[in-house]
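Q: Based on what follows, work out the 3D shape:
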Amino acid sequence: MSSRIQKIIDEFGNNPLGKSPLAKRPLTATPETILAMVMDAMVKSKPISHELSQKTINHLIEAGYHDIDKLHSSTWEERTMVLREGGYNRYREQTATNLGNLAEFVVNEYDGDLNNLLKSAHGQREKTRELIKEIKGIGDLAVELFFDNVQSVWSSIAPFVDSRSLQTAEELGIGADMHAMYSALHQDPKQMSWFVNGLSSVRLEKKQHVIESM
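A: The predicted model follows:
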């Protein structure tokens, strides 16, 4: 199991937000990082191509919307334009509305910093899930995608593997025991996030045979 996990990390792993403009900086639990991860989950939970959703989140970050002040001061028309430039057409208007609601939620409920949500949840994963789902546009799949990434900086969320990646892990003979996977990674939450993102890449790129050949 350990060798397959390491191969997934080495060949397919990626750090959270690793394909976004934030990839060049080490990720820490700044308000900007957490907000970017929520937007990433909101966008990628919709049934559109992975490439298109990644292009969209890149445009949102380039527009500075991971800064709560910038997002909060943006207009619906401005958010719609950024989403259009990202090619995010099918869910553009609803997502522009949801991004506005997200800004209001973060400012009004958590003083502009979603790290305060984790504090309100006392670091507990299920309470965090309950609170994050109060954001319009964040359903069960979006929460899973958010947890995949945020465990790298909110260590109390680790170990976490979203349901689709967990199925991929089972198909690859790794199994479905998240704690066993975490132990194989020396309980390193950043490595766990890299691994889960690697599983997602294996699934999306249909590269299961590369790992199964070991």
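Q: switch to C-alpha atoms for all contacts and neighbour counts from now on
A: Noted.
Q: which of the residues in stretch 16-32 are buried?
A: Under the neighbour-count criterion of 16 or more other C-alpha atoms under 10 Å, stretch 16-32 has 16-17, 20, 22, 27, 31-32 buried.
Q: which stretches of this structure form helices?
A: 2-12, 31-44, 50-62, 68-73, 76-85, 92-110, 115-120, 125-132, 140-150, 163-171, 178-184, 189-205, 208-212 (DSSP state H).
Q: care to break the chain down by domain?
A: According to automatic domain parsing, the chain comprises the domains 1-14+154-214, 30-143.
Q: now the ones you listed as a markdown table including mean pLDDT?
A: Below are the domains of the chain laid out as a markdown table (pLDDT from 0 to 100):
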| stretch | mean pLDDT |
| --- | --- |
| domain 1-14+154-214 | 91 |
| domain 30-143 | 96 |
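Q: and the most centrally placed residue in the chain, what is it in contact with?
A: Nearest to the mean C-alpha position of the chain, by C-alpha atoms, centre = their mean, lies Phe146 at 3.6 Å. The contact partners of Phe146, taken as C-alpha atoms under 8 Å, 6 or more residues apart in numbering, are 37-38, 40-41.
Q: of these, closest to Gln191?
A: Met37 (16.9 Å; C-alpha to C-alpha).
Q: Nearest residue to the closest one in space, ignoring adjacent ones along the chain?
A: Distance criterion C-alpha to C-alpha, 6 or more residues apart in numbering; nearest residue to Met37, sequence neighbours excluded, is Phe146 at 6.1 Å.
Q: Give me the pLDDT value at the one you found.
A: For Phe146, the pLDDT comes out at 98.
Q: how much space between it and Gln6?
A: According to C-alpha to C-alpha, to the nearest Å, Phe146 stands 23 Å off from Gln6.
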